[in-house]
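> Here is my input, please return the structure:
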Amino acid sequence: MIKRLIPLLILALGVAAFMALRLTRPEPAEVSARERSWQVETLTVELAEHAPVLPLFGEIVAPERLEVVAPLAGRIAERPVREGQRVAAGELLVALDEADSQPPLRQAEAEVADLRAQIDSERIRHENEQEALARERDILANAQRSLERVESLVEGNLASRAELDEARDTLARARLNVTTRASTVAEYPSRMKSLEARLARAEAVRDAARRDAQRSRVTAPFDGVVTGVQVAPGDQVAARAALLSLYPQDGLELRARVPRRYQAELAARLERGEALEAVAQEGGQRFVLERLAGESEPTGTEAILALDGPAEGLRPGSLVPVWLQRPAVSDALAVPFSALHGSDVLYRVSDDSRLERVQVQRHGELPGPDGARWALVSAAELADGDRVAVTHLPNAMTGLRVEVAESADEEPGA
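Modelled structure (predicted):
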């Protein structure tokens, strides 16, 4: 009997222990729902006038660059300059050997002298031919009279038929001589024109040889920098072979492509005579927009900016990013691009630390205080003293609760 009660007793003790533990357990802490917030940095709104800039990336070129080529085939006798050397106007750059440049000139001058002598000889010959023609005509007249006398004598049986035939032959020979001499005199103008044409051609060859001889010794036409040296003294070069280049120390230009949406604005400002300046992002060199290229491409039109001031290390071929100034905008605010959601939305932080969507108008870009590119915007809803979030939140929306971590109140330069 006792053995049967033991299991029941154990079960009763277990139930009693469970009930005791349940009655003595601690009460769980009450959990209350709490709204999540996002940490953001803000910028205090201070509306002012700012001048946006157009970022351009261009190449330095030298429009007055001089390419020196060999006027004729020959050997390089002198090349006293080196790559990158600065030279003054009139300084020798390169010279060909005179043994190559002088013989063609002397040959051309001899040809001209020979043709001039031929022309003088032709004039003298023409004068002699005219005198000979006059004499031949006198002979012809004498032969005609002699024939008439012989004919009258033959009619009176005072002369033979042989004498008559001889007189006729003499008259015929006199006429042939007059015709030949007259033809020679008549051809004088054409012979002179032929000789004069040959002389003109020879003079052109002489002038070309003289020009090549002069160009075989090249001096700097302006103060400049030597570049593109491709020959050394003693080299044998062909005609029209490139020797070296020279560009002026002043007059460098920047060629940069302008997007199509800005072309009309820049063209209108140039038409009004406004001075459009650009500043290099590195180095601070200044440029002035002079004109737009005459041809365009689908990606835009090339703007031509002249260097204003010293080059300060710039060389043709250098790639230079610049800021081109655009018209100033009043009541505008500069913000980092991280503050923009999409292309035209900012979020203002309200007094109860919630985001408010603000639609803005983009006016371009300008350099920020951190050296990065900032966006220039404006909106009628913004006022001085407002705070806008500059931290980009992928889930940003009106009413989202935020915590202000730090304020970025530095103003960018206009």
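> all helices of this protein, in order?
Assigned helices in the chain, in chain order: 2-24, 98-155, 161-186, 188-215, 263-271 (criterion: DSSP state H).
> Let me have those in TSV, extended by mean pLDDT, distance to residue 358 and mean neighbour count.
C-betas here are computed from N, CA, C, even on glycine. TSV is the format used below for the helices of the chain (pLDDT from 0 to 100; distance: least, C-beta to C-beta, whole Å; neighbours: other C-beta atoms under 10 Å):
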stretch	mean pLDDT	distance to residue 358	mean neighbour count
helix 2-24	71	58	9
helix 98-155	88	77	15
helix 161-186	84	101	15
helix 188-215	92	70	15
helix 263-271	88	26	13
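> Dump those into TSV; add distance to residue 301 as well.
Formatted as TSV, the helices of the chain follow (distance: least, C-beta to C-beta, whole Å):
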stretch	distance to residue 301
helix 2-24	86
helix 98-155	46
helix 161-186	67
helix 188-215	38
helix 263-271	5
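> so what's residue 282 up against?
Counting by C-beta atoms under 8 Å, 6 or more residues apart in numbering, residue 282 makes contact with 320-321.
> Residue 327 now?
The contact partners of residue 327, by C-beta under 8 Å, 6+ apart, come to 51-52, 269.
> Closest one to residue 132 out of those residues, please.
Nearest to residue 132 among the contacts of residue 327: residue 269, at 83.0 Å, using C-beta to C-beta.
> neighbours around residue 351, how many?
Residue 351 is flanked by 6 other residues according to other C-beta atoms under 10 Å.
> Among the contacts of residue 327, which one sits closest to residue 348?
Distances from residue 348 to the contacts of residue 327, taken by C-beta to C-beta, are shortest for residue 52, at 21.9 Å.
> Residue 334 versus the nearest residue to that closest one once chain neighbours are set aside, what's the distance?
Nearest residue to residue 52 in three dimensions, chain neighbours excluded: residue 364, at 3.1 Å (C-beta to C-beta, 6 or more residues apart in numbering). From residue 364 across to residue 334, the span is 10 Å (C-beta to C-beta, to the nearest Å).
> Which of the two has more residues huddled nearby?
Taking other C-beta under 10 Å, residue 364 and residue 334 do not tie; residue 334 has more neighbours (25 against 19).
> follow-up on the earlier one: I figured the residue nearest to residue 52 was touching residue 55, is that so?
No: the pair residue 364 and residue 55 fails to qualify as a contact (C-beta atoms under 8 Å) at a distance of 9.4 Å.
> Need the residues touching each of these two.
With contacts taken as C-beta under 8 Å, 6+ apart, residue 364 and residue 55 have no neighbour in common.
> Report the contact partners of residue 288.
With C-beta under 8 Å, 6+ apart, residue 288 has these contacts: 275-278, 305-306, 308.
> Now do stretch 284-295, average pLDDT.
For stretch 284-295, mean pLDDT is 89.
> Now do that stretch: distance to the chain's middle.
11 Å (C-alpha atoms, centre = their mean, to the nearest Å).
> buried sites along it?
For stretch 284-295, burial by neighbour count (16 or more other C-beta atoms under 10 Å) applies to 285-287, 289, 292.
> nearest to residue 86, of those residues?
Proximity of those to residue 86 was ranked by C-beta to C-beta; the top entry is residue 285 with 18.7 Å.
> Contacts only, for the closest one.
Contacts of residue 285 by C-beta under 8 Å, 6+ apart are 279, 307, 309-312, 314, 320.
> Quick one: these as JSON lines, columns for pLDDT, neighbour count and distance to residue 135 too.
Formatted as JSON lines, these follow (pLDDT from 0 to 100; neighbours: other C-beta atoms under 10 Å; distance: C-beta to C-beta, whole Å):
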{"residue": "279", "pLDDT": "90", "neighbour count": "16", "distance to residue 135": "93"}
{"residue": "307", "pLDDT": "91", "neighbour count": "19", "distance to residue 135": "81"}
{"residue": "309", "pLDDT": "85", "neighbour count": "11", "distance to residue 135": "86"}
{"residue": "310", "pLDDT": "83", "neighbour count": "11", "distance to residue 135": "85"}
{"residue": "311", "pLDDT": "79", "neighbour count": "17", "distance to residue 135": "82"}
{"residue": "312", "pLDDT": "78", "neighbour count": "10", "distance to residue 135": "88"}
{"residue": "314", "pLDDT": "86", "neighbour count": "16", "distance to residue 135": "84"}
{"residue": "320", "pLDDT": "92", "neighbour count": "20", "distance to residue 135": "87"}
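> can I get these in a markdown table with distance to residue 191?
Below are the contacts of residue 285 laid out as a markdown table (distance: C-beta to C-beta, whole Å):
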| residue | distance to residue 191 |
| --- | --- |
| 279 | 73 |
| 307 | 62 |
| 309 | 67 |
| 310 | 66 |
| 311 | 63 |
| 312 | 69 |
| 314 | 64 |
| 320 | 67 |
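> Check those residues against residue 375 and report the nearest one.
For the contacts of residue 285, the nearest to residue 375 is residue 279 (19.0 Å; C-beta to C-beta).
> Tell me what that closest one is bridged to.
When bridges are called by DSSP bridges, residue 279 pairs up with residue 286, residue 323.
> residues touching residue 393, list them.
Contact analysis of residue 393 by C-beta under 8 Å, 6+ apart lists 38, 40, 341, 347, 400, 402.
> Surely residue 281 is in contact with residue 321?
Yes: using C-beta under 8 Å, residue 281 is in contact with residue 321, at 4.6 Å.
> Name whatever forms a beta bridge with the residue nearest to residue 52.
Residues in beta-bridge contact with residue 364 (DSSP bridges): residue 376.
> so who does it touch?
Residues counted as contacts of residue 364 (C-beta under 8 Å, 6+ apart) are 52-54, 326, 329, 375-376.
> mind redoing it with 6 Å?
Residue 364 makes contacts with 52, 326, 376, as judged by C-beta atoms under 6 Å, 6 or more residues apart in numbering.
> Could you report the distance from it to residue 188?
From residue 364 to residue 188 the distance is 81 Å (C-beta to C-beta).
> Can you report how many residues neighbour residue 249?
Residues lying near residue 249 (other C-beta under 10 Å) number 14.
> List the contacts of it.
For residue 249, the contacting residues are 223-224, by C-beta under 6 Å, 6+ apart.
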